[in-house]
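Trainee: What follows is a predicted protein model with its sequence.
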Amino acid sequence: MWVKHNKILLSKILLLVVILLLVLTVLGCVPGAVPRGWSGGVVADGTLFVGSIEGRLIAVNIADGTHQWSEPLKASGSTGGFGCAAAPAGVAIYGTPAVADDLVYIGGYNGKIYAFNSSSLEVQWVYPRDDYFRDKKKKIIPVVGGLATDLEKVYFGISDGRVYALDADTGNKEWEFETGGKVWSTPVIDNGTVYISSFDKKLYALDATTGEKKWETAEMGGAIATTPVVSNNTVYFGSFDRYLYAVDAADGSVKWKSEVEAGSWFWAKPIIYNNTIYAPSLDGKVYILDAESGHEIIDAIDLGNPVSSSLVLVDGSIIIASREGRIYSLDTANNQVKALADVREQVDAPLWASDGVVYVHTQEHGSLYALNPQTGAELWNVSLSSE
């Protein structure tokens, strides 16, 4: 009994250490370390765009993995946006890029938004123009979340709680809205509405054209860092209070709060499929709930290692990456999970897929893997380093 108790206690301590390191890595507060980023990717016209740990935009030919890269994003000096981060040698990119027409948009930890030409990877415009996002004390405010495009605009949030819309072609500011806490999530645009979460424990719905607030939810039990999911007039998201929520997309009223409490934070974006919500947690489990009621369909699937990477759906299977680099496939027909591959590198970046291929961006060495989601076979892998 004593041995069992101590094993449980040790596992909880290790989990807390992983969570603390994960958050402090974003904050740039780990002694001797600098933020390195964990960008997801997006595929457009046969090219995959992803931010590298060197602070470059990388364009990868998905047919064979050949790639080119941009000049590195320029460091801004002392970031200090969280009061504890010195400027990294290369600018960290945490958010997933967005693509519209011939431009690729990406945000940097240096407090700037960049638009690149998708063919040449030359910078077309930056915002702010001649400075960086700064707070009242003139400290740099990092961009941590990803970007979204719609209605000829680019949407994003920054770490002082503001949400922006820029003209997609010129980078001119269209509107600005202020929440009450940090924004680390990626905006979701649905039917003319921008949905975005904040560390002030609220989710916001904004008019995508004007930026006017349509509604805000009541305070949840914890900060919200997850990117929401919109389905059937409902917005779903997880919170740092370890619960999942569903709110009405029309007015923000809470439809349900999950009965089950996770063992740790909900960090990554959940998936909705066949009226079922699949939500990974930093406790190493994937929670499977009925989307209408919030009730558990089956007991959570325990992978034994934190899941900080967002899931991806491919042909009825949900692909999952644990933080230690093990890749799993969850069959949505029977909710059975099987081991698929092991990239043997830390994975924090969201997974993504295109044309039946799953892509995994690893943390330590900045490698990109292309995997067959049925067999786990490695189609190719490349280092995203320019060296």
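Mentor: Nice, I can see it.
Trainee: Distance of the nearest residue to residue 386 once chain neighbours are set aside relative to residue 383?
Mentor: Spatial nearest neighbour of residue 386, excluding adjacent residues (C-beta to C-beta, 6 or more residues apart in numbering): residue 69 at 5.4 Å. C-beta here means a position set from N, CA and C on the backbone, and glycine is covered the same way. To residue 383, residue 69 is 11 Å away according to C-beta to C-beta, to the nearest Å.
Trainee: cool, and residue 75?
Mentor: Counting by C-beta to C-beta - residue 75 and residue 383 are separated by 22 Å.
Trainee: Mind checking which of the two has more residues around it?
Mentor: Taking neighbours as other C-beta atoms under 10 Å, residue 75 and residue 383 compare with residue 75 leading, 18 against 13.
Trainee: That one: what secondary structure?
Mentor: Here residue 75 is coil, with the state taken from DSSP: H, G, I helix; E, B strand; the rest coil.
Trainee: Hmm, residue 92 and it touching each other?
Mentor: No. Residue 75 lies out of contact with residue 92 (C-beta atoms under 8 Å); the separation is 9.9 Å.
Trainee: For residue 131, list the residues it contacts.
Mentor: With contact set as C-beta atoms under 8 Å, 6 or more residues apart in numbering, residue 131 has no partners.
Trainee: which secondary structure element contains it?
Mentor: Using DSSP states H and E, residue 131 sits within no helix or strand.
Trainee: now it: how far from residue 343?
Mentor: Counting by C-beta to C-beta, the gap from residue 131 to residue 343 is 39 Å.
Trainee: Residue 204 touches residue 213, doesn't it?
Mentor: Yes. Between residue 204 and residue 213 there is a contact at 6.5 Å, judged by C-beta under 8 Å.
Trainee: Ranking helices and strands of the protein by mean pLDDT, which lands last?
Mentor: helix 2-27 (a mean of 45; mean pLDDT, DSSP states H and E).
Trainee: any idea how far residue 166 is from residue 125?
Mentor: 9 Å.
Trainee: Tell me which of these two has more neighbours.
Mentor: residue 166 (23 against 18).
Trainee: Give the partner strands of the strand or helix carrying the more buried one in its sheet and their orientations.
Mentor: Using DSSP H and E, residue 166 falls within strand 162-167. Partner strands for strand 162-167, per DSSP bridges, with pairing direction: strand 153-157 (antiparallel), strand 173-178 (antiparallel).
Trainee: May I see those strands arranged in a markdown table, with distance to residue 217 as well?
Mentor: Converted to a markdown table, the strands paired with strand 162-167 look like this (distance: least, C-beta to C-beta, whole Å):
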| stretch | distance to residue 217 |
| --- | --- |
| strand 153-157 | 16 |
| strand 173-178 | 15 |
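Trainee: Return the residues in contact with the nearest residue to residue 204 once chain neighbours are set aside.
Mentor: Spatial nearest neighbour of residue 204, chain neighbours left out: residue 216 (5.0 Å); criterion: C-beta to C-beta, 6+ apart. Residue 216 makes contact with 202, 203, 204, 205, 252, according to C-beta under 8 Å, 6+ apart.
Trainee: where does the stretch 51-200 of the chain have low pLDDT?
Mentor: For the stretch 51-200 of the chain, applying pLDDT under 70 flags the ranges 76-89.
Trainee: Recalculate using a threshold of 50.
Mentor: Scanning the stretch 51-200 of the chain for pLDDT under 50 picks out 78-83, 85-88.
Trainee: Quick check: chain neighbours aside, which residue is closest to residue 365?
Mentor: residue 345 (6.1 Å).
Trainee: I'd like to know how many residues surround residue 367.
Mentor: 17.
Trainee: That one pairs with what?
Mentor: residue 383.
Trainee: was I right about it contacting residue 359?
Mentor: No. Judged on C-beta under 8 Å, residue 367 makes no contact with residue 359 at a distance of 10.9 Å.
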